[in-house]
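# next come a sequence and a model predicted from it.
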Amino acid sequence: MLSFRLRFSILFLLFPQHRVTTGAITPSHFSMASAFRRYGRLLAGLANFTFYNFWKSAIGS
């Protein structure tokens, strides 16, 4: 549950435009959507990896 929340916080930090909803579709939205599709899984895996390492170092020691 915490990794899920962490993943979305990282995504919202990297893509603040997703919070703002506008009626018009601008080219920046298109590039944002393509970048989100392309790097979404990569960022999610990176967030899970860093959280797993942090959890292991905090609890395992």
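Structure's in. What do you need?
# quick one: buried residues of the helix or strand containing residue 48?
Assigned by DSSP states H and E, residue 48 belongs to helix 27-60. For helix 27-60, burial by neighbour count (16 or more other Cβ atoms under 10 Å) applies to 43, 44, 47, 51. The way it works is simple: take the backbone N, C-alpha and C, and place the C-beta from them, glycine included.
# now distance to residue 4 and pLDDT too, for those residues, in a markdown table please.
Listed next are the buried residues of helix 27-60 as a markdown table, based on distance: Cβ to Cβ, whole Å; pLDDT from 0 to 100:
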| residue | distance to residue 4 | pLDDT |
| --- | --- | --- |
| 43 | 13 | 80 |
| 44 | 9 | 82 |
| 47 | 9 | 85 |
| 51 | 10 | 85 |
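# closest to residue 37 out of those?
Of all the buried residues of helix 27-60, residue 43 has the smallest distance to residue 37: 11.4 Å, by Cβ to Cβ.
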